[in-house]
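> With the input below, show me the fold.
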Amino acid sequence: MKARQYQAALLLHSALVANAPKDTWNLALNGIRIIEENGKFYVVIGGEPAPYAEATNEAWSKGKNPNEGWIERTIEECLPMVQQVMSGDISIEQVQEIMNERYHKSILKQQADFLARKENEYANIRASL
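Numbering: from 1, shown residues only. Predicted coordinates:
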């Protein structure tokens, strides 16, 4: 049971990292964590590493927040899979495959895109010097 709980938390964690806003990548890399407390696993978002996390999910008073509701959407997306994990309907290997196909590949592409944008920004700065 504990292995299934951890796999469910890992699945949700992967999905949240894939769907998190990534202006700086701090929230995705440091502000979404799995913790174990009293033998149970929890996915936490924000806290000291990313105290602004809640604001990324909420409506803004001025303008439209493009990330509004990302946490709820991600949880909703993962809920059927988490239920399957907890019921034993899918194996740990299948969970790993789902995470790789749906989330890890997406995270790697997002990282590559981010690095390419940053490299382009730095090239433009160097060219203007």
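> who touches the residue nearest the centre of the chain in this structure?
In the chain, the centroid-proximal residue (CA atoms, centre = their mean) is residue 17; its distance is 1.4 Å. By CB atoms under 8 Å, 6 or more residues apart in numbering, the contact set of residue 17 is 28, 29, 32, 103, 107. Bear in mind the C-beta positions are built from the backbone N, C-alpha and C, glycine included.
> do you know how far residue 52 is from residue 115?
23 Å (CB to CB, to the nearest Å).
> neighbours around residue 67, how many?
Residue 67 has 19 neighbours, counted by other CB atoms under 10 Å.
> Could I get the full set of strands for the chain?
Secondary structure of the chain, counting by DSSP state E: strands at 32-37, 40-45.
> Next, give phi and psi for residue 67.
Per-residue torsions, residue 67: phi -100, psi 0 (degrees, to the nearest 10).
> For it, which residues are in contact?
If you count contacts by CB under 8 Å, 6+ apart, then residue 67 has 21, 56, 57 around it.
> before we move on, what about residue 90?
81, 84, 98.
> Distance check, the nearest residue to the first one once chain neighbours are set aside against residue 66.
It stands for residue 81. Of all residues not flanking residue 81 in the chain, residue 11 sits nearest, at 5.9 Å (CB to CB, 6 or more residues apart in numbering). Computed with CB to CB, the distance linking residue 11 and residue 66 is 25 Å.
> So for these two, which residue has more residues nearby?
residue 11 (23 against 9).
> Could you turn the buried ones of the contacts of residue 67 into a PyMOL selection?
Only the buried entries of these go into this PyMOL selection, using 16 or more other CB atoms under 10 Å:
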select buried, resi 21+56+57
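> Show me which of the contacts of residue 67 is closest to residue 36.
Nearest to residue 36 among those is residue 57, at 24.1 Å by CB to CB.
> Test my guess that that closest one contacts residue 66.
No: using CB atoms under 8 Å, residue 57 is not in contact with residue 66, being 11.4 Å away.
> need the helices for the protein, in chain order.
For the chain, the helices defined by DSSP state H occupy 2-19, 26-30, 53-57, 70-87, 92-98, 105-128.
> count of neighbours near the residue lying closest to residue 75 once chain neighbours are set aside?
Here the nearest residue to residue 75 in space, its sequence neighbours aside, is residue 12; by CB to CB, 6+ apart that works out to 7.1 Å. Neighbour count of residue 12, defined by other CB under 10 Å: 24.
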